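Peer 1: Sequence and predicted structure, then a few things I'm wondering about:
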Amino acid sequence: MTTINTISAADAAFLLRRELGPRNNWYEFLHDARRRDAFVAGYTLLPSCRMHDGTAFRPRYSLDAVWEFINKLKAAGAASADPTAIDVVALDLDGRRKAWAWRDQRHDRTGQRIKPKRLHHSAVTEPAH
């Protein structure tokens, strides 16, 4: 029996993004590769096994195979010129709103806050006394 170090699909996708950059949606790439539909520079990455997580069997990737795939793509020139970390954007939030009101915390593409839509009570008529 052979023991190998494995990582989840989410961790594999994170490692691919960190090392190769954001040129692909790596999680979707791994999903498509499992159906044998995805290749980058002629290479693909397949899971080495499946592991039950309490809900279903999930794919696990050999850490060595992930690094081998990364090195092949770098050698083939398929890596992004600027591998990047997670894209963090600082946004101003309205602290008076409850945490569950995340849908009201809206921002445009430039990061400017968009005020939440308000109900117009002018259309509501007062009951007659």
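Peer 2: Received the coordinates, thanks.

Peer 1: and Tyr43, what is it in contact with?
Peer 2: Residues in contact with Tyr43 (C-beta atoms under 8 Å, 6 or more residues apart in numbering) are 69, 72-73, 76. For every residue, glycine as well, the C-beta is placed using N, CA and C.

Peer 1: So which residues of this structure form helices?
Peer 2: 9-20, 26-34, 63-76 (DSSP state H).

Peer 1: For Gly54, which of those is the nearest?
Peer 2: In terms of C-beta to C-beta, the element of these nearest to Gly54 is helix 9-20, at 15.8 Å.

Peer 1: The closest one vs helix 63-76, what angle?
Peer 2: Interaxial angle of helix 9-20 relative to helix 63-76 (axes from the mean of the first three to the mean of the last three C-alpha atoms, to 10 degrees): 30 degrees.

Peer 1: isn't Ala12 right up against Tyr61?
Peer 2: Yes: using C-beta atoms under 8 Å, Ala12 is in contact with Tyr61, at 4.4 Å.

Peer 1: just to revisit the earlier point, ok, of the contacts of Tyr43, which one's closest to Pro22?
Peer 2: Leu73 (13.8 Å).

Peer 1: isn't that closest one right next to Leu20, touching?
Peer 2: Yes: counting by C-beta under 8 Å, Leu20 is a contact partner of Leu73 at 5.9 Å.

Peer 1: Spell out which residues are contacts of both of the two.
Peer 2: With C-beta under 8 Å, 6+ apart as the test, Leu73 and Leu20 both reach Ala79.

Peer 1: Please name the bridge partners of Arg60.
Peer 2: Residues found in beta-bridge contact with Arg60 (criterion: DSSP bridges) are Ser8, Cys49.

Peer 1: Relative to Thr3, how far out is it?
Peer 2: Going from Arg60 to Thr3 by C-beta to C-beta, to the nearest Å gives 13 Å.

Peer 1: Settle it for me: which of these two has more neighbours?
Peer 2: Arg60 (20 against 5; other C-beta atoms under 10 Å).

Peer 1: Nice, that's everything, thank you.
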